[in-house]
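[1] here is the input, now give the coordinates:
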Amino acid sequence: MLVNICMAELCKNAGFAGSNNLVQRDLVFLCDRIESKTGVIISLSTIKRLLNGQFSRLPQIATLDAIALTAGYQNWQQFKISKSPEVNQNGKANKQKWPHPAPGGAKTFSARLFFWAAPVLLISAYLGITMKAGKPGLAGVDKARFSARKVTGNDVPNTVVFSYNVDSVAADSFFIQQSWDRNRRVRVFKHNYTLTDIYYEPGYHTAKLIANDKIIKTLDVSIPTNRWVFYAKEGFFKGLPKYIAANGVKSPSFKLTKDDLLKSRIDIQKENAYVNVYFPSQIASSSDNFVLRFRVKVDELKNEPCPFLMTEVFCQRQFMYFGSTLKGCTSELQSQFGENNLNGKTNDLSALGSDLTTWQNVELSVKNKNATISINGAKVFSASYHQSCGLITGIGFISNGLCEVDSLNMKTIEGKEIY
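    Here you go, the predicted structure:
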């Protein structure tokens with residue numbers, strides 16, 4: 001009961017209308033939010049169990065403290081205290097009903113209860129303090145070292161050499177995670193100081209050095225390309241990219257063709273997501289103030305009932321993207337600006353619907369963390385956020401068809417050209 005209440009509040013604080021109907025990217029966002037606020041890593045399987053209440057025993061106190069802190073409380077104990085009247089009022093708590101004492105015997109009964117309870121309380125308090133004091137901590141974290149270097153230039157795949165030293169850290173296990181993707185986590189050990197890993201996708205990644213279940217160091221790893229890179233993936237969150245050699249790139253325009261896919265041995269019968277991204281090596285402009293304009297259309301590869309396009313401005317921190325599809329399919333849309341995550345199931349995103357099979361003129365304007373989207377000259381949507389996303393690190397378009405972009409232009413609010 002209490003875990004359900006806490007998770008509902010955590011989801012609300014994260015910008016969701018509730019804890020139901022969350023998709024994979026929503027769950028990843030919640031894990032990252034907990035991680036960034038508490039340093040505690042919670043896996044996707046654990047977050048699913050917490051949301052669905054599927055656990056045979058109460059989760060570990062570190063997990064409970066993490067979700068309570070992310071929901072806006074000091075720790076799980078403070079959350080429990082604040083919610084106990086609410087739980088009791090709803091009749092969900094187990095109330096102990098003591099026998100009613102005989103008339104005039106209330107003081108005697110209370111004294112008798114205290115006589116037996118006091119030693120138990122003292123022993124419990126002593127055990128609690130002893131157990132807390134004896135719990136192993138993460139001593140020596142300040143002496144940990146973590147750095148990285150690339151072995152190739154601005155291209156993918158790109159091997160990165162991580163150098164680390166955790167010899168002085170008191171912990172049972174250590175890991176290096178190359179990005180937000182928990183599947184890209186590798187165990188490392190004391191008295192070993194090097195780990196190499198391959199980045200198959202370009203981007204601005206945050207690598208993490210983890211001791212037990214806590215992040216002790218983070219490291220920004222930039223994998224730029226300085227050109228448009230195209231690839232297909234069977235899923236957003238799994239599998240390796242299959243690179244596409246495209247001929248229709250004439251800056252500031254590009255397009256993919258069916259012939260490009262076939263020559264690159266892409267199976268067009270599969271449910272692929274086609275990714276088109278550009279990551280410059282020079283990063284200097286704020287994601288909180290800019291204007292992005294472009295003309296776009298998506299040619300269908302198959303008879304898709306809901307052709308979609310996701311436009312993303314990649315940032316150092318947080319996500320910034322919005323989706324578009326046919327009006328009748330907007331229930332499936334996802335959009336996010338900073339910590340403000342918008343799910344089409346629980347938010348009305350119908351204004352972002354458009355016929356992507358014909359040319360659409362799109363503008364995304366962000367001014368002082370207030371985002372406005374215009375389609376064909378009409379303002380259709382706005383959203384705001386509070387936590388800065390940092391600098392702009394790239395631009396991307398993801399669709400389930402052949403994306404063609406024309407007249408792409410990105411400037412600062414003051415008019416300085418970004419791309």
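[2] quickly note the distance from the residue nearest to Ser281 when sequence neighbours are not counted to Val40.
    Ranked by CB to CB, 6 or more residues apart in numbering and with sequence neighbours excluded, the top spatial neighbour of Ser281 is Pro224, at 4.2 Å. The C-beta positions use only the backbone N, C-alpha and C, and glycine is treated the same way. Pro224 sits 31 Å away from Val40, going by CB to CB, to the nearest Å.
[3] these two: who's more crowded?
    Neighbours per residue (other CB atoms under 10 Å) separate Pro224 from Val40, with Pro224 holding more: 23 against 20.
[4] quick one, what contacts Arg227?
    249, 278 (CB atoms under 8 Å, 6 or more residues apart in numbering).
[5] and the host helix or strand of Leu408, which residues are buried?
    For Leu408, the element it lies in under DSSP states H and E is strand 402-412. Within strand 402-412, the residues scored as buried using 16 or more other CB atoms under 10 Å are 402-405, 408, 410.
[6] quick check: the farthest pair among the residues you listed?
    Leu402 and Met410 (22.6 Å; CB to CB).
[7] so Ile395 bridges to which residues?
    In this structure, Ile395 bridges to Tyr278, Val313 when assessed by DSSP bridges.
[8] kindly report the same for the one 10 residues further on.
    The residues paired with Val405 through beta bridges, assigned by DSSP bridges, are Phe254, Val296.
[9] which pLDDT value belongs to it?
    Among the per-residue scores, Val405 holds a pLDDT of 93.
[10] before we move on, what about Asp32?
    Taking Asp32 on its own, its pLDDT is 80.
[11] which secondary element of this structure has the worst mean pLDDT?
    Within the chain, no helix or strand scores below helix 106-134, which has a mean of 37 by mean pLDDT, DSSP states H and E.
[12] what does the helix or strand that comes right after it contact?
    The helix or strand immediately downstream of helix 106-134 is strand 145-150, counting by DSSP H and E. Identification of contacts with strand 145-150 by CB under 8 Å, 6+ apart yields 158-165, 207, 209, 217, 219, 221, 223.
[13] make it 10 Å
    Strand 145-150 has contacts (CB atoms under 10 Å, 6 or more residues apart in numbering) with 158-168, 176, 178, 193, 195-197, 199, 205, 207-209, 216-224.
[14] the residues you listed, buried ones only, as a PyMOL selection?
    Only the buried entries of the contacts of strand 145-150 go into this PyMOL selection, using 16+ other CB under 10 Å:
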select buried, resi 158+160+162+164+165+166+176+178+195+197+199+205+207+208+209+216+217+218+219+221+222+223+224
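[15] in strands, which of the contacts of strand 145-150 appear?
    Within the contacts of strand 145-150, residues falling in strands by DSSP state E are 158-165, 176, 195-197, 199, 205, 207-209, 216-223.
[16] circling back to that earlier point, for the residue nearest to Ser281, give me its contacts.
    With CB under 10 Å, 6+ apart, Pro224 has these contacts: 150, 153-156, 158, 202-204, 278-283, 393-394.
[17] can you show me the helices along the protein?
    Taking DSSP state H to define them, one finds helices in the chain at 2-13, 24-38, 44-52, 61-71, 76-89, 106-134, 258-263.
[18] tell me which other helices or strands the fourth one touches.
    Read that as helix 61-71. helix 2-13, helix 24-38, helix 44-52, helix 76-89 (3 or more CB pairs under 10 Å, 6 or more residues apart in numbering; DSSP states H and E).
[19] just how off-centre is it within its chain?
    17 Å (CA atoms, centre = their mean, to the nearest Å).
[20] what mean pLDDT does that helix have?
    87.
[21] buried stuff in it?
    Buried-residue list, helix 61-71, by 16+ other CB under 10 Å: 63-71.
[22] and these, which is closest to Asn13?
    Closest approach between the buried residues of helix 61-71 and Asn13, by CB to CB: Ala71, at 6.0 Å.
[23] touching, that closest one and Asn4? I think so.
    No. Using CB atoms under 10 Å, Ala71 is not in contact with Asn4, being 11.9 Å away.
[24] related to what we said a few turns ago, which ChimeraX command selects the buried ones in the contacts of Pro224?
    To isolate the buried ones among the contacts of Pro224 in ChimeraX, judged by 16+ other CB under 10 Å, type:
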select :150,154,156,158,202,203,204,278,279,280,283,393,394
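[25] output the below-cut-off pLDDT ranges for the protein.
    17, 85-137, 235-238, 251 (pLDDT under 70).
[26] show me it divided up by domain.
    Under the assignment automatic domain parsing, the domains of the chain span 2-89, 141-223, 228-412.
[27] nearest to Tyr419, out of those?
    domain 228-412 (4.3 Å).
[28] distance of Leu195 from Arg187?
    Leu195 is 9 Å from Arg187, by CB to CB.
[29] equivalent analysis for Thr412, please.
    Thr412 is 43 Å from Arg187, by CB to CB.
[30] check Glu363 too.
    46 Å.
[31] neighbour count: those two, which is higher?
    Taking neighbours as other CB under 10 Å, Glu363 and Arg187 compare with Glu363 leading, 16 against 10.
[32] surely that one meets Phe290?
    No. Using CB under 10 Å, Glu363 is not in contact with Phe290, being 11.0 Å away.
[33] give the residues shared as contacts by the two.
    Common neighbours of Glu363 and Phe290 (CB under 10 Å, 6+ apart) do not exist.
[34] now do the end-to-end distance for stretch 229-246.
    9 Å (CA to CA, to the nearest Å).
[35] list the buried residues of that stretch.
    Quick answer for stretch 229-246 (16+ other CB under 10 Å): 229-233, 241-242, 244, 246.
[36] how near is Val362 to Lys297?
    11 Å.
[37] ok, now which ones touch the nearest residue to Ile34 once chain neighbours are set aside?
    The shortest distance from Ile34 to any non-neighbouring residue, by CB to CB, 6+ apart, is to Thr70 (4.8 Å). Taking CB under 10 Å, 6+ apart, we find Thr70 in contact with 6-7, 9-10, 13-14, 30, 33-38, 40, 42.
[38] now do Arg187 against Asn212, distance only.
    Distance from Arg187 to Asn212, by CB to CB: 12 Å.
[39] residue contacts, Phe254?
    228, 230, 246-248, 276, 278, 397, 403-406, 408.
[40] for Ala378, which residues are in contact?
    With CB under 10 Å, 6+ apart, Ala378 has these contacts: 351, 361.
[41] over to Gln269?
    Contacts of Gln269 by CB under 10 Å, 6+ apart are 301-302.
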